[in-house]
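Peer 1: model this:
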Amino acid sequence: MKIRNLSLWIKMVIGGMLVVIIAFVIVGSANFYYVSKSMESFARERATLIAKSLADHVETDLAGKLKAISMLAVDPQVVAAASAGNYYGVMEAKMKAIFQSYGSYLEGAFITDKSGIIRIDTVDVKRLGLDLSDRRYFLNARTGNPTISDAMFSRATGDPIIMLSAPIMANHQFVGVIACALKINYLLDSIGSVTLGKTGYSFMIDRNGMTIAHPRKDYILTKDSLRVPGVENVAARMTAQETGTAEYSFEGTPKMAGFAPIEITGWSVAVTQDRSEFLGPARTIISNILVFSPIALFIALILGTMIARELSQPIQNLSRAAKGLARGEWQQLPDTGRKDEIGEVVRSFNSMSEQLQETFMAQKRAEDDLFRLNQELEQRVSLRTGELTSKTTELEKALSEVKKLSGLLPICSSCKKIRDDKGYWNQIESYIKDHSEAEFSHGICPDCTKKLYPDIFEKIHSDDKP
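Peer 2: Sure, this is the predicted structure:
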């Protein structure tokens, strides 16, 4: 069924409901858009701030620990004991005094000789005699540089650790390394205490993209973030020591992460959260709209029905009256007493009905007069037709006498004169002018110009030559 065939009352009800639906859709979409943008902007800013805070905390703590080890390495008593190979007594006491504050995070605290052999360990004596000469942190220390190593597996326990080491120098000669091994739980607890919502967590990667801290411990030192589908772009920015936020997908879940670098180590900390969680308020708005939409539509249906009936009833009466008027029924609508546009339409219709009735009667009288005048006109046309017939006969006779040029014309083959009916020879232009409506204008052709005026002909054609 076409909409145009529906009654006005139904159209108004449907129109009212459509207005309500469209309003809900527009308002809901706008609210969802702006709330989503606001929540996303807030989540990005918060994630970046938390990531920077965690990175600063880890960097400050590691720098403090490395400074303490470096100061111990230059302690005169430690230097003298290491040079003499006396690794117990004063040296052992000083090491315990510093490293006891590390608590359960400390896996080992030891000193090596210049060959990289562990000579003392205040935590686990099983390390004594281990050769660390090939470890990168030992090689860096031999060059005189305090070092924080990347995460690695401990040779003593096989667990993930990070190493803080400093060289012991005596008279500018390398005599050993003092170092401590921190369990990877140190990093996990440093960044894991802060989360975003229920789905958020923090993780850390080293300068090569390898995961060194993550709630899922099986990822540590096994998951290369640069090779994880969906995470590689974020990991690339993190290894480039950028600060910011990025959207990514991990195991099919859309996420957003804020990240910041730990400059002292080249590592990077990230704080991540599922997009569905921080966009939750926006989805709540949509849910509320869906809940309240049926109620609003029901109210709109009731109000629309009442208003449509109030507006359509007078129009339906007007329609019936107009159809009766078309059949010649000169009736008027009862005055509703309304002061609005509908009342004005009713009054205008009644006025129009009266005017149409007067016009119809006047038209009837005019038709009678027209019929009478038409009879008189037919009589006059008949007389005039006879006169025109006579005039036409005279005109045809005159046209037959009009001059015309036809038939065979005797013409002189030399001078081109034409002989008329009386036997006289006339110039061709005079003859044609007398026997037709043609007029002549005179000129001269190129051949006659060359024959009669050769000098002018040569001048004209010499000017045309290139």
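
Peer 1: Met71 and Asp56, how far apart?
Peer 2: 22 Å (Cβ to Cβ, to the nearest Å). All C-beta atoms are positioned from the backbone trio N, CA, C, and that covers glycine.

Peer 1: and for Tyr201?
Peer 2: 19 Å.

Peer 1: those two: which is more packed in?
Peer 2: Tyr201 (17 against 14; other Cβ atoms under 10 Å).

Peer 1: and Leu226, how many neighbours does it have?
Peer 2: Other residues lying near Leu226 total 16 when counted by other Cβ under 10 Å.

Peer 1: so what's it up against?
Peer 2: By Cβ atoms under 8 Å, 6 or more residues apart in numbering, Leu226 lies in contact with Asn208, Gly209, Glu232, Ala235, Ala236, Thr239.

Peer 1: how about it: what's its closest non-neighbour residue?
Peer 2: Using Cβ to Cβ, 6 or more residues apart in numbering and skipping residues adjacent in sequence, the residue nearest Leu226 is Gly209, 3.7 Å away.

Peer 1: the one you found - how many residues pack around it?
Peer 2: Gly209 is flanked by 19 other residues according to other Cβ under 10 Å.

Peer 1: surely it meets Asp224?
Peer 2: Yes: between Gly209 and Asp224 a contact is recorded at 5.5 Å, counting by Cβ atoms under 8 Å.

Peer 1: the strands in the chain, which residues?
Peer 2: 106-113, 118-121, 147-148, 152-153, 160-170, 173-183, 201-205, 211-213, 244-250, 253-262, 267-274, 418-419, 425-426 (DSSP state E).

Peer 1: strands paired with the second one, and their directions?
Peer 2: Using DSSP bridges, the strands paired with strand 118-121 in its sheet are strand 106-113 (antiparallel).

Peer 1: so the partner strand versus strand 160-170, what angle?
Peer 2: If you take axes from the mean of the first three to the mean of the last three Cα atoms, to 10 degrees, strand 106-113 sits at 30 degrees to strand 160-170.

Peer 1: buried ones in strand 106-113?
Peer 2: For strand 106-113, burial by neighbour count (16 or more other Cβ atoms under 10 Å) applies to Leu106, Glu107, Gly108, Ala109, Phe110, Ile111, Thr112, Asp113.

Peer 1: can you tell me, leaving aside adjacent residues, what's nearest to the third one?
Peer 2: When you say that, I think you mean Gly108. Ala181 (4.1 Å).

Peer 1: please tell me how far the one you found sits from Lys94.
Peer 2: 18 Å.

Peer 1: what do you get for Gly64?
Peer 2: Counting by Cβ to Cβ, the gap from Gly64 to Lys94 is 17 Å.

Peer 1: give me the more crowded residue out of those two.
Peer 2: Between Gly64 and Lys94, counted using other Cβ under 10 Å, the more crowded position is Lys94 (17 against 10).

Peer 1: surely the more buried one touches Val74?
Peer 2: No: using Cβ under 8 Å, Lys94 makes no contact with Val74, being 11.9 Å away.

Peer 1: quick one, helices of the chain?
Peer 2: 8-73, 76-84, 90-99, 136-142, 185-192, 232-239, 275-278, 280-326, 341-400, 428-435, 446-452, 454-464 (DSSP state H).

Peer 1: enumerate every residue touching Val58.
Peer 2: Leu187, Ser190, Ile191, Met204, Ile262, Trp267, Val269.

Peer 1: thought the residue nearest to Gly108 was touching Tyr102?
Peer 2: No: taking Cβ under 8 Å as the definition, Ala181 is not a contact partner of Tyr102, at 9.9 Å.

Peer 1: so the nearest residue to Lys65 once chain neighbours are set aside versus Cys445, what's the distance?
Peer 2: Spatially, and ignoring its direct neighbours in sequence, Lys65 is nearest to Leu164 (5.6 Å; Cβ to Cβ, 6+ apart). The spacing between Leu164 and Cys445, counted by Cβ to Cβ, is 120 Å.

Peer 1: could you do Gly197 as well?
Peer 2: 107 Å.

Peer 1: what does Leu18 give?
Peer 2: Relative to Cys445, Leu18 is positioned 86 Å away (criterion: Cβ to Cβ).

Peer 1: repeat for Asp159
Peer 2: From Asp159 to Cys445 the distance is 122 Å (Cβ to Cβ).

Peer 1: among these two, which residue is more densely surrounded?
Peer 2: Taking other Cβ under 10 Å, Asp159 and Cys445 do not tie; Asp159 has more neighbours (13 against 8).

Peer 1: apart from its chain neighbours, what residue comes closest to the more buried one?
Peer 2: Lys183 (6.5 Å).

Peer 1: pLDDT wise, what is that neighbour at?
Peer 2: For Lys183, the model assigns a pLDDT of 93.

Peer 1: which residues sit in contact with it?
Peer 2: Ser104, Tyr105, Leu106, Glu107, Asp159, Pro160, Ile161.

Peer 1: bridging residues for it?
Peer 2: Ile161.

Peer 1: for Ala270, same thing?
Peer 2: Phe203, Phe259.

Peer 1: from Ile212, how far out is it?
Peer 2: Distance from Ala270 to Ile212, by Cβ to Cβ: 12 Å.

Peer 1: ditto for Pro294
Peer 2: For Pro294 relative to Ile212 (Cβ to Cβ), the value is 53 Å.

Peer 1: who's more crowded, these two?
Peer 2: Higher neighbour count among Pro294 and Ile212: Ile212, with 23 against 9, using other Cβ under 10 Å.

Peer 1: could you pull up the residues touching the more buried one?
Peer 2: Per Cβ under 8 Å, 6+ apart, neighbours of Ile212: Asp150, Ala151, Pro160, Ile162, Ile184, Leu187, Met204, Ile205, Asp206, Ile220, Leu221, Trp267.

Peer 1: Glu439 now?
Peer 2: Going by Cβ under 8 Å, 6+ apart, the list of residues near Glu439 reads Lys433.

Peer 1: can you check Lys126 too?
Peer 2: Lys126 touches Ala156, counting by Cβ under 8 Å, 6+ apart.

Peer 1: for it, give me the pLDDT.
Peer 2: At Lys126, pLDDT is 84.

Peer 1: quick check: it vs Ser268, distance?
Peer 2: 34 Å.

Peer 1: next: Leu303.
Peer 2: Using Cβ to Cβ, Leu303 is found at 60 Å from Ser268.

Peer 1: the more surrounded of the two?
Peer 2: Taking neighbours as other Cβ under 10 Å, Leu303 and Ser268 compare with Ser268 leading, 28 against 13.

Peer 1: what's the span of stretch 223-230, first residue to last?
Peer 2: Stretch 223-230 stretches 13 Å from its first residue to its last (Cα to Cα, to the nearest Å).

Peer 1: I figured Glu59 hits Ala260, correct?
Peer 2: No: if you go by Cβ under 8 Å, Glu59 and Ala260 don't touch, sitting 9.7 Å apart.

Peer 1: point to the helix or strand of the protein where mean pLDDT is at its lowest.
Peer 2: One helix or strand of the chain scores below all others by mean pLDDT, DSSP states H and E: helix 280-326, with a mean of 67.
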